[in-house]
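A.B. asks: Here is my input, please return the structure:
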Amino acid sequence: MLGSADLPEGIDEVFGGSIEIGWQATGSNRYDALLGYPAFGFGFLTYGFPQTGILGKPNAFYLFLNAPFKRWNKFSLNYILRLGMSYNWEPSDPVANPSHLALGSYRNLYISAGAEGQYLIGEQLSASFGVKFAHFSNGQSSLPNAGMNLLTPHIGIKYDFNGGDRPKYIKYPKPEFTEKGMVYYVTLGNGIRQIFFTPDSTTATLLPKQGVSYPVYNISMGAQYQFGWTGKLGGGVDFIYWGAYNPDIELGQGNVVQAVEYPFSDYLQLGIFISYEFVLNNISIIAQPGYRVIRKEYKGMPTDFYQHLGLKYHVHNLIIGVGIRAVNFGQAEYIEWSLGYRIRKPKK
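C.D. replies: Below you'll find the predicted structure:
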């Protein structure tokens, strides 16, 4: 983390620990073998920053997936994915905590990825060692949102509660995918984008760097072709209500600071996107780069090219999703929560 007046050399020390409870795939469904018999479950982590107390002592609950790049007799090289929600941050505050310049919220989304080696040292015990990259963000729902990035080595011990009865990790021939076809879907998403304002002569009652929250709604309609067990490719359109159009503030009735209102049509935008979806049974990871083709321009507006990275869970044909909408491949606009429905049309 960059330095401040109180910490001119910045923050470069962090320690933490985690505990996880999970399940080892045994080959009970086709995806077990396709993904190399992964482990999945949930966990809890905690971090500390010994150089300062301005960041708080954050914790997080998360879901995890560990799957092998390559597996040998007693050793495997794995990739690791984590997604969850963190809390107990000490948020930035212009009065109470002005030295914290990264995050303006008590709760923040937690995303982590990395690689590790795992070595079996007994029938029920194995050791792991590797490196993880972690990112914390509130998706611009509360400012500031510079984000927090941590790159840390890790070591761990894993215990098998199944008495050493491990799956045989049989590498079956990849089965033919017979369900190729189109998938049509519609989702309704919502998020909050916060913008800072500096007080002037007409808004002197505004606190320094006070944020105003604007709603964002998005209706996505798309079509994808599922070409294999783990992949879908397609595209679609985004119908966007951009509540943060030309953000400005004014004094309303009773000298209350409020957002300036514009005609409804000024808030409307249309985007088009291409989509790739990595399928893990009922869970999918989606990546959707898009471009705003219709919108009313204003000073300081974000770029037309935008990105959407998210997670979807399917309950039959119902879609439950969460993702980050961003620009410039890293500047979050907002966190989007969504619900939707899909219709599958298998190829005849």
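A.B. asks: pretty sure Gln288 contacts Ile274?
C.D. replies: Yes: at 6.9 Å, Gln288 counts as touching Ile274 under the criterion of Cβ atoms under 8 Å. C-betas here are computed from N, CA, C, even on glycine.
A.B. asks: Of the two, give the one with the bigger neighbour count.
C.D. replies: Per other Cβ atoms under 10 Å, whichever of Gln288 and Ile274 has more neighbours is Gln288, with 23 against 14.
A.B. asks: The nearest residue to the more buried one once chain neighbours are set aside bridge partners, please.
C.D. replies: Counting by Cβ to Cβ, 6 or more residues apart in numbering, His308 is the residue found nearest to Gln288 once chain neighbours are left out, at 4.1 Å. His308 has these beta-bridge partners by DSSP bridges: Gln288, Arg325.
A.B. asks: OK, contacts around His308?
C.D. replies: Phe273, Ile286, Ala287, Gln288, Pro289, Gly290, Gly323, Ile324, Arg325, Ala326, Glu336 (Cβ atoms under 8 Å, 6 or more residues apart in numbering).
A.B. asks: In contact with the fourth one, which residues?
C.D. replies: Meaning Gln288. Phe273, Ile274, Ser275, Tyr276, Gln307, His308, Leu309, Gly310.
A.B. asks: Model confidence for it, exactly?
C.D. replies: Model confidence at Gln288, given as pLDDT, is 96.
A.B. asks: and what of the first one?
C.D. replies: Taken from the predicted model, the pLDDT recorded for Phe273 is 98.
A.B. asks: All the helices of this protein, in order from the start?
C.D. replies: Here the chain has its helices, by DSSP state H, at 30-34.
A.B. asks: The residue lying closest to Ile285 once chain neighbours are set aside: what's it in contact with?
C.D. replies: Distances taken as Cβ to Cβ, 6+ apart place Phe278 nearest to Ile285, at 4.5 Å, with adjacent residues excluded. Residues counted as contacts of Phe278 (Cβ under 8 Å, 6+ apart) are Thr230, Gly231, Ser284, Ile285, Ile286.
A.B. asks: For the nearest residue to Pro98 once chain neighbours are set aside, grab phi and psi.
C.D. replies: Distances taken as Cβ to Cβ, 6+ apart put Ser92 closest to Pro98, at 7.5 Å, once the chain neighbours are dropped. With angles defined as degrees, to the nearest 10, Ser92 sits at phi -60, psi 140.
A.B. asks: where's Ser92 relative to Gly56, distance?
C.D. replies: 11 Å (Cβ to Cβ, to the nearest Å).
A.B. asks: higher neighbour count, the two?
C.D. replies: Just comparing Ser92 and Gly56: by other Cβ under 10 Å the higher neighbour count belongs to Ser92, 23 against 20.
A.B. asks: what's the pLDDT at the more buried one?
C.D. replies: We have a pLDDT of 82 for Ser92.
A.B. asks: Spell out, range by range, the strands that occur in the stretch 101-250 of the chain.
C.D. replies: Residue ranges of the strands in the stretch 101-250 of the chain, as given by DSSP state E, counting those that start in this stretch, are 108-120, 125-137, 148-159, 181-197, 210-228, 231-242, 249-251.
A.B. asks: Give me the ChimeraX select line for the contacts of His308, limited to the buried ones.
C.D. replies: In ChimeraX, a selection of the buried entries from those looks like this (16 or more other Cβ atoms under 10 Å):
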select :273,286,288,290,323,324,325,326,336
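A.B. asks: Farthest pair within the contacts of His308?
C.D. replies: The largest separation in the contacts of His308, counting by Cβ to Cβ, is between Pro289 and Glu336 at 15.2 Å.
A.B. asks: picking that back up, and the strands of the stretch 101-250 of the chain, which one averages the lowest pLDDT?
C.D. replies: When those are ranked by mean pLDDT, strand 249-251 comes last with a mean of 70.
A.B. asks: What separation do you get for Phe69 and Gly130?
C.D. replies: Computed as Cβ to Cβ, the Phe69 to Gly130 distance reads 11 Å.
A.B. asks: Same check on Ser213?
C.D. replies: Ser213 sits 39 Å away from Gly130, going by Cβ to Cβ.
A.B. asks: Which residue of those two possesses the greater neighbour count?
C.D. replies: Neighbours were tallied for Ser213 and for Gly130 using other Cβ under 10 Å; the higher tally belongs to Gly130 (18 against 15).
A.B. asks: beta partners for that one?
C.D. replies: On the basis of DSSP bridges, Gly130 is bridged to Glu116, His154.
A.B. asks: Next: the one 4 residues further on.
C.D. replies: Note on Ala134: beta-bridge partners by DSSP bridges are Ser112, Leu150.
A.B. asks: That one: how many residues sit nearby?
C.D. replies: Using other Cβ under 10 Å, Ala134 is surrounded by 21 other residues.
A.B. asks: count of residues packed around Lys299?
C.D. replies: 5.
A.B. asks: quick one: contacts for the nearest residue to it once chain neighbours are set aside?
C.D. replies: Leaving aside its chain neighbours, Lys299 sits nearest to Asn246 (7.4 Å; criterion: Cβ to Cβ, 6+ apart). Applying Cβ under 8 Å, 6+ apart to Asn246 gives the contacts Val260, Tyr262, Asp266, Tyr298, Lys299, Met301.
A.B. asks: From Met301, how far out is Asn246?
C.D. replies: 8 Å.
A.B. asks: which residues are contacting stretch 174-185?
C.D. replies: Contacts for stretch 174-185 (Cβ under 8 Å, 6+ apart): 30, 34, 220-229, 232, 234, 319, 340-347.
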